[in-house]
Structures are given as structure tokens and as C-alpha cells.
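Peer 1: Starting from these lines, generate the structure:
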Amino acid sequence: MKKIQATLLSMLLITLALASCNLDGTTGIFREIAQSKEPLSIRYRQLLGQKGSELYFRTLKGVERVDALKNNTPVATSADGKLIQAAALSGSDNKVFYITNDVAELNAGLVHVVDTLTLTATTIAVTTAEAPSITSELSIKGLYANSMVLVSGKDGAGKKVLDLLEYDSVADTFTTPLASFPFPEVPADYDLESVIQQTGHEQDGLGKHRSSLVSFVKPNGTNPPLFKHYVAYTTDGDASSKKHIGSNSIKVANYLYNPTINDHIYILSTNGKLYYAGTFSLPEPSWIELSDTGRAFEAGAFAYTVVDVTENHLITKPYLKTSPLIVFTFPQAYTTGIVVQKTTVQAGYAKELSLASIVSAQEKPSPPAGTTTLLVATDENGMYDISINNAKANVDTAANGTSSAAEGYTF
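Peer 2: Below you'll find the model as predicted:
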């Protein structure tokens, strides 16, 4: 009898402890159970952008588009052995282009092009004639939603090099800007690690955020691993440049660089730390740690910046699906001893996103004054339309903005 009473008492104490920790079910496991969502049939992978009255995106099945009445049309479909792994929407004509995971196609430099008016498909080949650094063994390493393609190969001396090229809609091929993005100074024993565009601006083929952070890693078993990081940037006039911003053991999840505000570069690492990485124009500094979330992030993680007068609100999403959003708030003008405020946000615009795995985001044009609006696509739980109150982006209440229901977006 005493044993039964002791067991019942233990169960009661555990129940009371759990209830006292989360009486209203707003955090922890109770919140996850109360608000967990059934996966939807559509599985988003990448937002490509808007053309007229249609929105283009990549899903698990391939490339699709949707009109304002939510009518979906397949544009290109993945096939066995040739899964579509990246795509882009040309900002200046009626074309979608994509690459598959077929190794032979990648080694041949093949890019598939679909006319969005007729849905007819052709292929074009990136050749050494378009890649300024490469003379042999050209292959495609990546295609990005800002209409750029990364190719690798060897130069005239047999050294491994990479070129980041842009799509030329007039010539209907990939070609080099006025100044290209070759990386011939990367040591031969380094491999490509990642190419990251800033959240919300990946589709921006001509705008102020047309930049990429390119990282290389030394794969010979060094512990910790060694990385080389570059920022490549193109202006609206197609003048372009790149800068080596650091050699260290820090793996990048995402970054902040907005040259229309200032020259400062901020880095979010995969182990959840925020760093200041100097400026694009001044000599390379050692990275300065500013804050630490204690959370894990993946490469290409959601990291979107809301600008409020003189402050940046960097809104981030850790790796775990059920992680709340974390907002870093700091002055736009960097100074030594800068203070970074860190806030966990689950309400308002974050209500749905804090329980979903975000895969892509896109800025919506012409938001109401003092707000920022985004389309946010998730892995399993559909697409959302969120509106952020810029002045309260780091406040964990409904005053920070709003979120639509799943698939309740407009564009």
C-alpha cells in the first residue's frame, strides 16, 4: 500500500511541477502540443519571385506558379534521377531557369530554361567563354534565385578556380558582369562550403541587396575547421567587386550587409553568435563577437533585418522547428563597445513561424508606412503573409505585427 501511495504521490508532484512551469501552455512542450500543425501537401523549397500577377516558387515536386486566385500551374517537374535542386526567375523577361542534380548535366554546364508564356523548355550551356577564370573542366556548383550561377573549373595553370556569373536575358546565357567574381586566390586545398544570400532579398536580381557571402573550407580534417569568407557585391549598374572578410573557424549561417545604409558587415554563425566583421571598404579586421543566442542555426538560416530609424532588428530563426524567433537589436552605426539587445519573440508576426521550419522568404513591395511585409514559405506548414511593425519588431506582443493563417498569403 505504501508503495502504491508513494508512486501516486510522485506522479502528482511531477504533474504539479509541469503545470507550474507552464500553466497556460504558452511555452515548452505544452505549447508545442497545443499549437502543433499537421503537415500540408505542398512542400516549399524556394521562393523565386513575382512576375505580373503570378508568384513563382520551387516545391518538392518542381517549379510552380500561382495566380491571385490561388490557381497553381506546374512550370517544370522533377523526374527520377533529375530532381530540380535550384531555380531562378529572370527579372527582365518571361523565363524560369533551373538545374537538376544530374551529375552529367552539371559537368556539361547545362541549365534548363522555360518560357513562362508558352511553358516550352530548352537548355543552354555555360562555357569557358563566359567564365573569365576558367579554361577547362567547367561544371556548375550552384544556381541562385538572384539569377546568378556558380561554376568551378581550372585556370590555365591547372589551379582550381570558381566564377560567380549572372544571367544575361538578351544573350540568353550566363555571362560575366563588368567585373566578375572569380576566386582564384583561394588555396587549392580549400573546397566550396556555402553561398548565402540575405533572407528576403534572394530574388533581388538588380536591387540594393545584390550580394552573396561565399565561404570555403579546408577539408583535410583540421579541428576546428578553417574557413575563408568573401562578400561579393554588384551594384545596379553591374559594377561588381568582392572582399575577403575573414579567415577563421566560424561557419556562417547568414549575414547583414546593406551598402545603402552603411558599409558594415555582420555575421550570424551556425552556433548562434553574432559577429561584427568590419566593412567592405576598409582593411579586414578580426571578427568581434557581439552576442550569443546559445542556439544552433543552419547555413542559409532565416535572418531578416528590419530597419527602424537608427536601429537594426535582425530577426532570426534557429534550426529546431519549434524554436521561437530571436531578434538582435543594435545601432546601424557600429562603435566599439556596441550594445546588442537580444529578444525572444513568439507573438504577433512570429506566432506561426515560431512553430515552423522556414525555407525561404521574399519582401513584398510598397508596405504601409512604418511596416515591413514578407511572404514566408515553410517546409511543411505552408506559406504565410506577415506584417512587421518596424518600431516594435523586437517586442514579444501582438503589437509587433501580424501573421496570416497557413496559405492565407496575398501578393
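Peer 1: lowest average confidence, helix or strand, in this protein?
Peer 2: Across the helices and strands of the chain, mean pLDDT, DSSP states H and E gives its lowest value to helix 28-35, namely a mean of 39.
Peer 1: what sits against residue 309?
Peer 2: Shown here is residue 309, whose contacts under the criterion CB atoms under 8 Å, 6 or more residues apart in numbering are residue 391. C-beta coordinates here come from the backbone N, C-alpha and C atoms, glycine included.
Peer 1: Roughly how far does it sit from residue 358?
Peer 2: Separation of residue 309 from residue 358 (CB to CB, to the nearest Å) stands at 27 Å.
Peer 1: do the same with residue 114
Peer 2: When residue 114 is compared with residue 358 (using CB to CB), they lie 26 Å apart.
Peer 1: got it, and residue 70?
Peer 2: Using CB to CB, one gets 21 Å for the distance from residue 70 to residue 358.
Peer 1: Same drill for the two, tell me which one is more crowded.
Peer 2: The residue with more neighbours, out of residue 70 and residue 358 and counting by other CB atoms under 10 Å, is residue 358; that gives 20 against 11.
Peer 1: Name all residues that make contact with that one.
Peer 2: 302, 317, 376-379.
Peer 1: I'd like those laid out as a markdown table, including secondary structure and distance to residue 332.
Peer 2: Conversion of the contacts of residue 358 to a markdown table gives the following (DSSP: H, G, I helix; E, B strand; the rest coil; distance: CB to CB, whole Å):
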| residue | secondary structure | distance to residue 332 |
| --- | --- | --- |
| 302 | coil | 21 |
| 317 | coil | 22 |
| 376 | strand | 24 |
| 377 | strand | 28 |
| 378 | strand | 30 |
| 379 | coil | 32 |
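Peer 1: Format these as CSV; extra columns: neighbour count.
Peer 2: Converted to CSV, the contacts of residue 358 look like this (neighbours: other CB atoms under 10 Å):
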residue, neighbour count
302, 24
317, 28
376, 28
377, 24
378, 26
379, 17
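Peer 1: excluding its backbone neighbours, what's nearest residue 214?
Peer 2: Taking CB to CB, 6 or more residues apart in numbering, and ignoring the residues beside it in sequence, residue 214 has residue 230 as its nearest neighbour in space, at 4.7 Å.
Peer 1: wait, what's in contact with that neighbour?
Peer 2: Contact analysis of residue 230 by CB under 8 Å, 6+ apart lists 183, 213-215, 242-245.
Peer 1: Mind jotting down where the helices sit in the protein?
Peer 2: Using DSSP state H, the helices found in the chain span residues 2-21, 28-35, 103-107.
Peer 1: Mind telling me which of these the model trusts least?
Peer 2: Averaged per stretch, pLDDT over these is lowest on helix 28-35, reaching a mean of 39.
Peer 1: picking up where we left off before, and the furthest pair within the contacts of residue 358?
Peer 2: The widest separation within the contacts of residue 358, taken as CB to CB, falls between 317 and 377 and amounts to 12.5 Å.
Peer 1: Tell me what residue 175 is bridged to.
Peer 2: In this structure, residue 175 bridges to residue 166 when assessed by DSSP bridges.
Peer 1: Could you count how many residues lie near it?
Peer 2: Look at residue 175: counted by other CB under 10 Å, it has 16 neighbours.
Peer 1: How about residue 106?
Peer 2: The tally of other residues near residue 106 (other CB under 10 Å) stands at 20.
Peer 1: ditto for residue 102
Peer 2: Each residue near residue 102 was counted by other CB under 10 Å, and the total is 15.
Peer 1: Which residue, other than its chain neighbours, is closest to it?
Peer 2: Across the structure, with CB to CB, 6+ apart as the measure, the residue nearest residue 102 apart from its sequence neighbours is residue 82 (4.7 Å).
Peer 1: Can you give me every residue that contacts that neighbour?
Peer 2: With contacts defined as CB under 8 Å, 6+ apart, the neighbours of residue 82 are 100-102, 105.
Peer 1: Of the contacts of residue 358, which is the nearest to residue 333?
Peer 2: When those are ranked by distance to residue 333 (CB to CB), residue 302 comes first, at 25.2 Å.
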